[in-house]
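Asker: Kindly return the folded structure for what I paste below:
(2 chains)
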Amino acid sequence: DTAVSQTPKYLVTQMGNDKSIKCEQNLGHDTMYWYKQDSKKFLKIMFSYNNKELIINETVPNRFSPKSPDKAHLNLHINSLELGDSAVYFCASSHRLAGHGTQYFGPGTRLTVL
Amino acid sequence: AQKITQTQPGMFVQEKEAVTLDCTYDTSDPSYGLFWYKQPSSGEMIFLIYQGSYDQQNATEGRYSLNFQKARKSANLVISASQLGDSAMYFCAMREGYSGGSNYKLTFGKGTLLTVNP
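Answerer: Below is the predicted model:
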């Protein structure tokens, strides 16, 4: 029933570790996104994929690597985690040419790096 | 320069009254879309309303309406008959045009925290 889902909802880990966040959408959308929300609630685009093709990589450190195995999934892998990576990460999806391109967001993953 | 400006970090409104949340934007693209999202304390981002740059009429969705003043580049959200459950952070966002990668991202404002008092 859930439109955009993310796992896990919470992630607590040590500096230097590698972690992944998974995202799935069942809306039939062709475009998926990762956004980062910092401690001041500011939301910023990180990546955008359209039909499994990377469209936007918004000056994100290369420790972050998105992977889109198919149109319904977009995962985010983070290597060598740093304290500054602590944030809420949102996955979103949209249809590029339908529904005004409205983006629908997942519930977010709160990442805490200790 | 900021593309989306929300000048009200916090707003208070009495239950059942109307409230306007301000949003101004900056773009040179003639084709763009403006969105409002609600983020309650539980953290999810909920889409509320959309206004396209070529739309002649202001968008409305239930108790939400968008006061779109194109010449002033403003897209204020009006919530009528406020309810306690409207207490949340509200974000204005813009998608610019359809060229290159610009249509593949939303640029967000810093948000306005709305508190509805009983």
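
Asker: residue ranges for the strands of chain A, please.
Answerer: For chain A, the strands defined by DSSP state E cover A:4-7, A:10-13, A:19-25, A:31-37, A:43-50, A:53-57, A:64-70, A:73-78, A:87-94, A:104-105, A:109-113.

Asker: mean pLDDT lowest for which of those?
Answerer: Among these, strand A:53-57 has the lowest mean pLDDT, at a mean of 86.

Asker: tell me the angle of that strand relative to strand A:31-37?
Answerer: Interaxial angle, strand A:53-57 versus strand A:31-37 (axes from the mean of the first three to the mean of the last three C-alpha atoms, to 10 degrees): 30 degrees.

Asker: Next to chain A, which bits of chain B? Give me the list.
Answerer: Within chain B, the positions lying close to chain A (C-beta under 8 Å from any C-beta of the partner chain) are B:33, B:35, B:37, B:39, B:43-47, B:50, B:52, B:89, B:91, B:93, B:95, B:101, B:103-108, B:110-111. C-beta here means a position set from N, CA and C on the backbone, and glycine is covered the same way.

Asker: Any of these buried? List them.
Answerer: When those are checked for burial by 16 or more other C-beta atoms under 10 Å in any protein chain shown, the buried set is B:33, B:35, B:37, B:39, B:45, B:47, B:50, B:89, B:91, B:93, B:95, B:103-108, B:110-111.

Asker: Ignoring the adjacent residues along the chain, who's closest to residue B:78?
Answerer: Distances taken as C-beta to C-beta, 6 or more residues apart in numbering or on different chains put residue B:65 closest to residue B:78, at 4.7 Å, once the chain neighbours are dropped.

Asker: just residue B:105 next, same as before
Answerer: residue A:45 (4.1 Å).

Asker: list the contacts for that neighbour?
Answerer: A:33, A:34, A:35, A:56, A:58, B:105, B:106, B:107 (C-beta atoms under 8 Å, 6 or more residues apart in numbering or on different chains).

Asker: Relative to residue B:56, which of those is nearest.
Answerer: Of all these, residue B:56 sits closest to residue B:106, with 23.2 Å by C-beta to C-beta.

Asker: so who does that closest one touch?
Answerer: Applying C-beta under 8 Å, 6+ apart, the residues contacting residue B:106 are A:35, A:43, A:45, A:103, B:35, B:93, B:94, B:95.

Asker: Quick check: the two most widely separated of those?
Answerer: Spatial extent of the contacts of residue B:106 (C-beta to C-beta) is set by the pair A:35 and B:94 at 14.2 Å.

Asker: And for residue A:79, the neighbour number?
Answerer: 13 (other C-beta atoms under 10 Å in any protein chain shown).

Asker: what is residue A:73 paired to in the beta sheet?
Answerer: Note on residue A:73: beta-bridge partners by DSSP bridges are residue A:24, residue A:70.

Asker: distance of the most centrally placed residue in chain A from chain B?
Answerer: In chain A, the centroid-proximal residue (C-alpha atoms, centre = their mean) is residue A:34; its distance is 3.0 Å. According to C-beta to the nearest C-beta, to the nearest Å, residue A:34 stands 11 Å off from chain B.

Asker: of the strands of chain A, which approaches residue B:16 most closely?
Answerer: strand A:104-105 (29.0 Å).

Asker: and the closest one, anywhere near chain B?
Answerer: Yes - Strand A:104-105 reaches chain B (C-beta under 8 Å from any C-beta) through A:104, A:105.

Asker: Tell me the spacing between residue B:6 and residue B:24.
Answerer: As judged by C-beta to C-beta, to the nearest Å, residue B:6 and residue B:24 stand 8 Å apart.

Asker: what's the answer for residue A:14, then?
Answerer: Where residue B:24 is concerned, residue A:14 sits at a distance of 42 Å (C-beta to C-beta).
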